[in-house]
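Enquirer: got a structure for you, letters missing:
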Ligand SMILES: Cc1ncc(COP(=O)(O)O)c(C=O)c1O
């Protein structure tokens, strides 16, 4: 709302967090999907074709919800160049930065060459400390961008709850905080290994190992009784009471996929879930 005028276009990964296209539309803008590669990263081969004189911003989110993929600095280079060449804003949502299962280091977009003055970094403590109900997050960026946002923020959000801000202020730079998040990552990795193995033991499911986040995004094959991700998701819910979000909620390329969250599921519940899917 601070940067988008009616009719402005915003590039976003297909698939990506289902809130993005709705938020772009709420601001009066038009979502423009960036197609995925076979590995579900952003296909950077023809990005310039998507840019028009109305293009204003690019949204990035690594590790990604729903794919769990991350992109390296080298893979991101064409996107950064596109933003610089066309004077676009980069909006980078890095809420899963502490949840990477591989040896890769998290890439902080505003730390890359040439990005700082055009980048708004969005982050949240919801995932890092398991406190989504506290509603504390932040935007970091150049003063000129943040001051535009404050004009909107004062009349929409007013302020983040001060009790939660104070509590987090005491906690975030402590060793306990760091240990908590590192331990959380180990727990999530254990669940990730189990759920991916479980999905791959089901006929018709094929699941890549997510590199980060707490989502698995299995590819599914269809059947005469269910020919779309929505139909399959509804059938799984009706018959087995397992919630898997249809991939199409995250963008058109999500057809043929389901998204599972393992953010708050026990190891026993993963066994139970896989068994129910096998039953169906
Ligand atoms: C990519 C991404 N960004 C932002 C959020 C929202 O975070 P919060 O609950 O802190 O607003 C989520 C929550 O699922 C998410 O997956």
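Expert: Ah, there it is. As the structure is a computational prediction, the values presented were derived from the model and not from experiment.
Enquirer: can you tell if the host helix or strand of residue 90 touches the ligand?
Expert: Element membership for residue 90 (DSSP states H and E) is strand 89-93. Yes: using C-beta under 6 Å from any ligand atom, strand 89-93 reaches the ligand at residue 93. C-beta coordinates here come from the backbone N, C-alpha and C atoms, glycine included.
Enquirer: The next helix-or-strand element following that strand to strand 89-93, inter-axis angle?
Expert: Using DSSP H and E, the helix or strand that follows strand 89-93 in sequence is strand 119-124. Angle of strand 119-124 versus strand 89-93, following axes from the mean of the first three to the mean of the last three C-alpha atoms, to 10 degrees, is 20 degrees.
Enquirer: Give me the residues contacting stretch 103-114.
Expert: By C-beta atoms under 8 Å, 6 or more residues apart in numbering, the residues outside stretch 103-114 that reach it are 60, 62, 70-73, 76, 80, 84, 90, 92, 94, 97-98, 100, 115-116, 119, 121, 140-141, 211.
Enquirer: one more time with 6 Å, if that's ok
Expert: If you take C-beta atoms under 6 Å, 6 or more residues apart in numbering as the criterion, stretch 103-114 is touched by 73, 80, 84, 90, 92, 97, 100, 115, 116, 119, 121.
Enquirer: ok, of those, which one's closest to residue 190?
Expert: Nearest to residue 190 out of these is residue 100 (C-beta to C-beta; 14.8 Å).
Enquirer: and the nearest residue to residue 83 once chain neighbours are set aside, how many residues sit next to it?
Expert: Once flanking residues are discounted, residue 83 sits nearest to residue 90: 5.1 Å by C-beta to C-beta, 6 or more residues apart in numbering. For residue 90, the count of nearby residues is 24 (other C-beta atoms under 10 Å).
Enquirer: In contact with residue 90, which residues?
Expert: Residue 90 is in contact with 58, 83, 109, 115, 118, 119, counting by C-beta under 6 Å, 6+ apart.
Enquirer: Could you single out the nearest of these to the ligand?
Expert: residue 109 (13.8 Å; C-beta to the nearest ligand atom).
Enquirer: near the ligand, which residues of the chain show up?
Expert: Residues of the chain found near the ligand (C-beta under 6 Å from any ligand atom) are 17, 61, 65, 93, 95, 124, 126, 132, 137.
Enquirer: mind redoing it with 8 Å?
Expert: Residues of the chain lying near the ligand by C-beta under 8 Å from any ligand atom: 16-17, 19, 61, 64-65, 93, 95-96, 122, 124-127, 132, 135-137, 213.
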